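# Okay, sequence plus prediction incoming.
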Amino acid sequence: MQAIKRLKPLNFFSLVWICFLVYSPFTYGQMKAVTIETGIRNGTLDNGMRYLIHSNEAWEGQTVSMNLYVNTGYELEAEGQTNLSHYMEHLPFSLFREEATARRGAVLEGIRNGTLPLQAHTGARYTIYNYIFKKVGSEIYKAELDFIRRMIGGSLNLDTSILKSEHGSFYQEYIYRGSSKYYTNNCMLSTLSNVYPSPILPEHYYDHVKGFDREIVSSFYKDWYHPQRATLVMVGPITDLDQAAKDMESYFGKLKATPAKKLVYPQMEYLQRPYQFIQLEQLETDELEVSETEMYLYWRNQIPPKDELKALEQKWMYEMLYALIGDHLRRIPTTYEGHYSFGIDKGMRLPGLGLYLNTFPGRERETVEEVAAALNQLKKQGIDEAAYQKYQQKELKAINRKDTNTLGAVLSIYDQRMLAEESLEFDQLALKKHWLNELSLDTVNSELKAFLEDGPQDIGILAPKGSSVLDLSEVEFRSWLYQANRVGAEATEELKMNLIPDSLIAQMPRVASKIIETDTLGGRVLQLANGARVVFYPQEGASLKLHGFRNVGASNLNKENYIKAQLVPEWIHISGAGAYTHFEMQHMLTDLGMIYGRALYVKQGESGIKLQAPAQGLESLLQLAHLYLSAPREDPEAIRYWKEEESLFYKNPSYGREEHDLTVRSKEELRVPDAGITAMERYEGVQQSNLAELKLIHQKLFQHPQEFLFLLSGEFKETEVVPLLEVYLGNLPVSENQINRKENTIHTLPKAPLKKAFAIPGIFSSDLKLKIQYTYPIAREDWKSQVDLKLMQQVIKSRLWELRVVKKRGLYVSSSIGYIDPLGETGNLVIGLPTVAEMGNVLIKDVAELIAEFKKHTITEEELQGIKANVYYQDITGKSVLDQGYLYHKWNLLTPDENEVQAYLESITPKELQRLLNEKLVDKHRYIFMGTGKTKPLD
């Protein structure tokens, strides 16, 4: 029997072949004998394994990507197998790296130098393994195909050492990705459908993972990893397509189609369920937080038609409806009084439109009614012509701009279709373009009304214990949805180019100014009558950037106001400035093409402002600077809103709260200036703040223009900018409230070696944040020592991966960071190793051995050249003229030229590097810090 069968009509890969024969602009088949071929080879082996090989001579010089799709994912997990498919994803590449380390050769070299990243991903129904190689028949190519054969043939030997190592790695990925904060969301989704497995309590997650023993993993592996569950997609510049196709048969054709577990379709089961009304009580927690009520409203899709073209049209219609509904809801006017947040699931979590509403207990009804009123209005009035045309034209432009000939685009198309379980029978872009052009507004509004009329089919409420909303009946809750009516018309504001009204501008006279000097960088320095100085760094074609600063900060205030001073920028961001609220400011600046963020900043010894605008926004930029520095908006409602918002921010910050707190604590231990404040200090500072205090601190820090230096870069003409500066910066108010002047203190490092643990809120008892830090003096003008530091950092980074792969220490991420503290004049090499609690001392010893190995054995010149290529030194040379201007005017530093830095870097030999490591990475410079979930004694 032939190993490669002829494909049945409309089989997946015959459709691929049809698609590219009909629609591709390329000519397929044998091309030049000595060059890259252009064409496709595809087939299904007797055992059910599918493959597709796609090459194009236009891709010459690029790397070939080889994606293995295994038909398993979190949708297919059985009870008790939560996240087992993802854990299984970790194991093959862990074994592949281990074998490469033992075998050495090109594979190990690729892993070491980063050219063989070995990435994988687990989705709903597929787990994807990405392999890359440069040439068919190469050592790496053969090693990868051999490993894939063993993987889908059921012969991988996943021994206990790998399983235990990946317990730690997998758990660290859970921590790293902040997955614990999605627990409540996953509770609701797993109750609404069988698409998601039941989540595990965060504090029990590590124990759950350690339960993935050899028997459980082996059973799952045998259930899903089979030839008939595998598809191999190879895309890139290939010199011999026929040989690559023969390799598919020779490597995989003899594998037997072993019994596999039956596929299930939980999304289809979800669409057939009756209406659902679910009320769940939130878990009580000891952590300081303000609880919210979470409400989930889902409008389900219709069951897709069996005809694939009709199913695609249905999918496109839903995508349009999701987008138009989302745009409409985002136009609901936001105020300080109506404090709630909402998110939209556009068919990504469940097949339908999901609205996630978060609000404080007691405000559920007003929140639901406001959103429902907007939806009822949309259902009644429909989408207007302008909104419809905007969406249609955006989609058509996206189709017309899409280049489907690049390697990345082709690989992406295959990936999207595989994950969506769609065939390639149709040229989807051409069909979608035709569908959009034939569509009418009446059809869209008819579909919109029918979609909204039927739902929401699912309502989920997750609320704190004792909340009245948990006692509501479904009828009562749905009455909030159906009876809500929109009050008042939506505001349709015209774009305002002036942030300050003309009447107020008329009251600001132009003040005197003069050019007083030209700095060493060529910037002309203008001094205004109020003492403020502005340095011009014009750049043709560049956007405008303004950086103003003053050499006083939080440390110049009394102890009680030290933390509150660092919160002033956040207060102004939330309150707004001039006559505009936070929400109005956000809307206006977005329309003006300006970045809306926290413009002001306060450090220990510096206060300042940073703004950016397009070249045509010069006056708006200066008006905004005037408002932030002179007229923060005073609103008690904004203060209340801010305190509520901070409670939520503490609960779910946008940054790694635990890592941040450990960094602050370790900097405090090292007596570092600008250590920052912890999340708890920030939370308490906000709750204890009042309007009068914040206003006074703002006046002390920001209303002394005579001490401010402003740096302005971008495309502008001096003749145009000077009159505007004379108005907006020349009329900045001068406050009578002064700060305390302090002498500069000398910062000394504590005696090393030092080892200390901190109890950090939010860290689980099974988790450990480990930082091994080498800190030593470096003068801020000594740029060569700064380059040395960055080179040593890259050397350490180049071998950290061995702690996971070779020594199997249960790591997921490891980091090596080198940075300079110009204020404290220290160099810092920080090795970050988030791990499980019992691995702390083991990893400390591992790192010591790693560094000792570098000190003992000189690395090769070839290895050093690869490391040098990764050294980032733009923060030494200055990333922009504004950075260079800041370093010059702040520290009187002239940054070195990039060529000069590169020449010095290239001059460092392996012996010189060895000398640096022996001199700098020593015990007297070593500090070890641990963040734990509870106080833990250290040896």
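Right, received. Where do you want to start?

# okay, and for the stretch 401-550 of the chain, where does confidence drop off?
424-426, 485-497 (pLDDT under 70).

# And the strands in it?
Ranges of strands within the stretch 401-550 of the chain are 458-463, 513-518, 524-528, 533-538, 544-550, based on DSSP state E, counting those that start in this stretch.

# need the ones you listed in JSON lines with distance to residue 726 and mean neighbour count, can you?
For every residue, glycine as well, the C-beta is placed using N, CA and C. As requested, the strands of the stretch 401-550 of the chain are exported to JSON lines (distance: least, CB to CB, whole Å; neighbours: other CB atoms under 10 Å):
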{"stretch": "strand 458-463", "distance to residue 726": "57", "mean neighbour count": "23"}
{"stretch": "strand 513-518", "distance to residue 726": "5", "mean neighbour count": "13"}
{"stretch": "strand 524-528", "distance to residue 726": "7", "mean neighbour count": "19"}
{"stretch": "strand 533-538", "distance to residue 726": "10", "mean neighbour count": "22"}
{"stretch": "strand 544-550", "distance to residue 726": "15", "mean neighbour count": "22"}
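
# Using TSV, lay out these together with distance to residue 398.
Putting these into TSV (distance: least, CB to CB, whole Å) gives the following:
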stretch	distance to residue 398
strand 458-463	31
strand 513-518	48
strand 524-528	45
strand 533-538	36
strand 544-550	30
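
# Identify whichever of those strands lies nearest to residue 272.
strand 458-463 (12.7 Å; CB to CB).

# Touching, residue 861 and residue 910? I think so.
Yes: counting by CB atoms under 8 Å, residue 861 touches residue 910, with 6.1 Å between them.

# more neighbours, those two?
Taking neighbours as other CB atoms under 10 Å, residue 861 and residue 910 compare with residue 910 leading, 15 against 9.

# which ones are touching the nearest residue to that one once chain neighbours are set aside?
Excluding its sequence neighbours, the residue lying closest to residue 910 (CB to CB, 6 or more residues apart in numbering) is residue 858, at 4.6 Å. By CB atoms under 8 Å, 6 or more residues apart in numbering, residue 858 lies in contact with 910, 911, 913, 914.

# where does the protein dip in pLDDT?
1-34, 285-290, 424-426, 485-497, 742-746, 934-939.

# cutoff 80 now
Low-confidence segments of the chain (pLDDT under 80): 1-34, 112-114, 284-290, 338, 424-426, 484-498, 651-655, 740-747, 934-939.

# which one of the strands of the stretch 401-550 of the chain lies closest to residue 180?
strand 458-463 (15.7 Å).

# Residue 85: which of the contacts of residue 858 is nearest?
Scanning the contacts of residue 858 for proximity to residue 85, where the rule is CB to CB, the winner is residue 913, at 43.6 Å.

# What is the burial count for the closest one?
Neighbours of residue 913 using other CB under 10 Å come to 20.

# again with the one 5 residues further on
Residues within reach of residue 918, counting by other CB under 10 Å, total 14.

# From residue 815, how far out is the spatially closest residue to it that is not a sequence neighbour?
Spatially, and ignoring its direct neighbours in sequence, residue 918 is nearest to residue 855 (5.0 Å; CB to CB, 6+ apart). Going from residue 855 to residue 815 by CB to CB, to the nearest Å gives 21 Å.
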